[in-house]
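> here are the coordinates; sequence isn't available:
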């Protein structure tokens, strides 16, 4: 009878006293009932005084008693005991789990608690390089994709009940995974897996960035830029180092190649030196004027790779070559001196003995 009276009075309790907590879709939410595992009859008696009441935030149903005097009233919920205590658990959170959970003890010595639960996406963020392989474990029934920054309806990538859907999508299903190879910034966005009832299982937010590398070349060496995968009709931009130093007057990068074709203004400087294929860009006879950063864009405008290049001057090259030789000579001399010292000590010892 007391339980039903409390259930009637719950709507009139001031929700401002409740603790706000966030939970993730398809994750568990727990309320601590007792600290430490129950070890004696007194602890079990305390547990028997605990009740949990739930008031949904949406009009999904009436207020309910979930735990009454230590006994679960709905098989969806669990009592979990571990070394840290006894918990009332809401497994695999759903949208209709949002609301107010009130923990009330019949024993006046125990503290009552109230929690306002909000269930959110809690998406998993995955950062990958341009050209990488993106994989999603298909432990649901429907896979949807929403392009980053788009307000359009999600695109269906996979449906367990209709395998032909995946044949028309960007990726392929292999060994229980949805796999997309050679990803670009065009693949960025939210990938949401849902169960057969449309409930969210999880969401992965994919972020794609260009590959980056740094190179130091001697004069007249060849600069080799490896492309992430087979790319045709790329655009190559060059940002000279000297232009970066002018902070007061920004200079736009120079376009050397547009859609796979060397631009007319750069033919005189690069026609004999710049060689391109679907897998590699080669700039022959590297000079000081070539120092800077090179940016490769695919035909869709996505930034595929960036290479920062510096020049190794003759004096620097001489130092770089001499340093390891100097270290080697020093180590040999040290070894020789140690050996000679042992030999001298041995002769002194023999003379003394004689």
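Cool, got the structure. Just so we're clear, the structure is a prediction, and the values are computed from it rather than from any experiment.

> OK, contacts around the spatially most central residue of the chain?
The structure's the chain has its C-alpha centroid closest to residue 126; by C-alpha atoms, centre = their mean the separation is 3.0 Å. Listed by C-beta atoms under 8 Å, 6 or more residues apart in numbering, the contact partners of residue 126 are 134, 204, 205, 206, 207. (Each C-beta comes from the backbone N, C-alpha and C, glycine too.)

> please apply the same query to residue 33.
47, 50, 79, 85, 86, 87, 88, 103.

> what bridges to the residue nearest to the centre of the chain?
Beta-bridge pairing for residue 126 (DSSP bridges): residue 206.

> how near is it to residue 186?
16 Å (C-beta to C-beta, to the nearest Å).

> remind me which residues of the stretch 101-250 of the chain are low pLDDT?
Applying pLDDT under 70 to the stretch 101-250 of the chain picks out residues 107-110, 167, 243-250.

> would you map the strands across it?
113-120, 124-129, 134-137, 142-147, 155-159, 172-174, 177-180, 189-194, 200-209, 211-218, 223-226, 235-240 (DSSP state E, counting those that start in this stretch).

> so what are the sheet partners of the last one and their directions?
Sheet partners assigned to strand 235-240 using DSSP bridges are listed as strand 254-258 (antiparallel), strand 292-297 (antiparallel).

> contact partners of that strand?
251, 253-259, 276, 281, 289-297, 299, 301.

> mind listing what's buried in it?
For strand 235-240, the buried set under the neighbour-count rule, 16 or more other C-beta atoms under 10 Å, comprises 235, 236, 237, 238, 239.

> cool, and the shortest one?
Residues of strand 172-174 classed as buried by neighbour count (16+ other C-beta under 10 Å): residue 173.

> again, but for the fifth one
Of the residues in strand 155-159, those buried under the neighbour-count criterion (16+ other C-beta under 10 Å) are 157, 158.

> relative to the whole chain's centre, how far out is that strand?
22 Å (C-alpha atoms, centre = their mean, to the nearest Å).

> can you list the neighbours in contact with it?
With C-beta under 8 Å, 6+ apart, strand 155-159 has contacts from 138, 141-147, 165-166, 169-171, 173, 178, 191.

> how about a cut-off of 10 Å?
Residues from elsewhere that reach strand 155-159 (C-beta atoms under 10 Å, 6 or more residues apart in numbering): 136, 138, 140-147, 162, 165-173, 178, 180, 189, 191-193.

> which of the residues you listed are buried?
For the contacts of strand 155-159, buried by 16+ other C-beta under 10 Å: 136, 138, 140-146, 165-166, 169-171, 173, 178, 180, 189, 191-193.

> one step back: for the buried residues of strand 235-240, which one is nearest residue 314?
Closest approach to residue 314 among those (C-beta to C-beta): residue 238, at 23.9 Å.

> need the nearest residue in space to the closest one, chain neighbours excluded.
Take residue 238 and drop its neighbours on the chain: the residue closest to it by C-beta to C-beta, 6 or more residues apart in numbering is residue 254, 4.9 Å away.

> contacts only, for the one you found.
Here residue 254 is in contact with 236, 237, 238, 239, 240, 243, 263, 265, 266, 269, 292 (C-beta under 10 Å, 6+ apart).

> export these as CSV, with columns for distance to residue 306.
Shown next, in CSV, are the contacts of residue 254 (distance: C-beta to C-beta, whole Å):
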residue, distance to residue 306
236, 11
237, 9
238, 11
239, 9
240, 14
243, 15
263, 20
265, 22
266, 19
269, 21
292, 11
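
> closest to residue 96 among those residues?
For the contacts of residue 254, the nearest to residue 96 is residue 237 (51.8 Å; C-beta to C-beta).
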